[in-house]
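**Q** Generate coordinates for the sequence data below:
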Amino acid sequence: MVGAICLWLSFRGIEFAQVAGQIGRVAWPWVALATLSVVGVSAGKALRWRWLYPQAAPPVARLAHFNILMIAQMLNVVVPVRLGELARLGLMQQEGRPAGVTLGTIVVEKSLDLLTVGTLLFLAVPIAVLPDWLRPKAGPGALLTALALMISLLLVRLLRVPLLRALSAIPAPPSPAWSRARGYLVRLVRTVLDGIAGVEGRRVAPVLALTVLVWLLSVGTILAMLVAFGVTDGGERIALVLMLALTFSNLVPTPPALLGVVGAVTVAVCVPFGIARVEALTLGTLLNAVLVLPTVLLGGWATGARLLRLFEPGRRGSLRQLFGLAATGGGRGR
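**A** Coordinates of the predicted model:
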């Protein structure tokens, strides 16, 4: 229903010939660059995930983190019920790493991403909500954005104890509803702070730097797509706001392959920036393919490789074991 409504809202009043005409003017080398950037984001997330494990954790194959992450991301895209994180727990357990340890790495990962999104949101608010005469004429720039992200992540880690004290000192509101909301917010912030503190000392700088790189690449993916459509004036600002809008759109139930959602969000963000509706819709449609296809193809490749290993002669496997949803009963995989 969400996908159908988004498709209807996006395509109403648009003729297919108009979309085809826009596609004919796309600079495809920039689309290819955006696709490579999507793969780079996944590779960066996999390497960061590997660094989040304790150094004493049982060793796994070199590509295990990347393959398992791609299977999880494919599941999240194809099956819109967030099976990916559950699959990561099970698949890593098959590799000999306890589910509790893996869960800890996922909490740290989500904490880093949540804080990064908050910082990017702070940078994007003036771009999105201020009137034209108050908006900055240029985006914050890649170097300034990276510096702001790195400083914010380091400050939160260094000031964790004072922040926790200040958080505990916030009085509970008299209203039950607001009191519950405060309790939820306190638990969320505490989890984020504890998660970031869980990064091992020697790996703090590499993990934080990789987090910054991953999110800059995410913005760069959308920027490359904008350039492919000839949008160069203010492209950094639009890319930052659109990336955040797409990130927050995942908080609600989404259809398989994000069908319709990416296009609708792209139209909603780009039109106020002066991009024609048909151009924004075509951009969103191609962006949907760029974001989804590499994930599905790489996840399918990793699933196929695991399928061959799981069902090789002398081993008994099942589809639930293939996606980490059941124990193998036989220790660590090869």
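
**Q** so how far is the helix or strand where Leu91 lies from its chain's centroid?
**A** In the assignment (DSSP states H and E), Leu91 maps to helix 84-94. From the chain centre to the centre of helix 84-94 is a distance of 18 Å (Cα atoms, centre = their mean, to the nearest Å).

**Q** CA atoms only for that helix - export them in PDB, please.
**A** Provided in PDB are the C-alpha atoms of helix 84-94 (Å, rounded to 0.1, in the frame of the first residue of the first chain):
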ATOM      1  CA  GLY A  84      18.800  -8.400   8.200                       C
ATOM      2  CA  GLU A  85      20.000  -7.800  11.700                       C
ATOM      3  CA  LEU A  86      18.600 -11.200  12.900                       C
ATOM      4  CA  ALA A  87      20.400 -12.800  10.000                       C
ATOM      5  CA  ARG A  88      23.700 -11.200  10.900                       C
ATOM      6  CA  LEU A  89      23.400 -12.600  14.400                       C
ATOM      7  CA  GLY A  90      22.800 -16.100  13.100                       C
ATOM      8  CA  LEU A  91      25.300 -16.100  10.300                       C
ATOM      9  CA  MET A  92      28.100 -14.900  12.500                       C
ATOM     10  CA  GLN A  93      27.100 -17.500  15.100                       C
ATOM     11  CA  GLN A  94      27.600 -20.100  12.400                       C
END
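
**Q** okay, and for the stretch 151-300 of the chain, where does confidence drop off?
**A** Applying pLDDT under 70 to the stretch 151-300 of the chain flags residues 252-253.

**Q** do that again at 80, thanks
**A** Counting by pLDDT under 80, the ranges of the stretch 151-300 of the chain that qualify are 167-168, 170, 172, 182, 192-202, 234, 250-259.

**Q** Would you mark the buried spots in the lengthiest helix in the chain?
**A** Assignment by DSSP state H gives helix 277-310 as the longest helix of the chain. Buried residues in helix 277-310, counted by 16 or more other Cβ atoms under 10 Å: 278-288, 290-292, 294-295, 298-299, 302-303, 306, 310. For the C-beta atoms, the positions are set from N, CA and C on the backbone; glycine is no exception.

**Q** Helices of the protein, start to end?
**A** Secondary structure of the chain (DSSP H): helices at 2-11, 16-23, 28-52, 64-78, 84-94, 99-129, 142-158, 160-168, 176-197, 204-228, 235-249, 261-270, 277-310, 319-322.

**Q** Could you check the angle the longest one makes with helix 261-270?
**A** This means helix 277-310. 140 degrees (axes from the mean of the first three to the mean of the last three Cα atoms, to 10 degrees).

**Q** the inter-axis angle of helix 277-310 versus helix 235-249?
**A** Here the directions of helix 277-310 and helix 235-249 differ by 60 degrees (the same axes, to 10 degrees).

**Q** Kindly report the same for the third one.
**A** Between the axes of helix 28-52 and helix 235-249, defined by the same axes, to 10 degrees, the angle is 50 degrees.

**Q** what angle sits between helix 28-52 and helix 64-78?
**A** Going by the same axes, to 10 degrees, helix 28-52 makes 120 degrees with helix 64-78.

**Q** which helices and strands sit right next to helix 28-52?
**A** Other helices and strands packing on helix 28-52, by 3 or more Cβ pairs under 8 Å, 6 or more residues apart in numbering; DSSP states H and E, are helix 64-78, helix 99-129, helix 204-228, helix 277-310.
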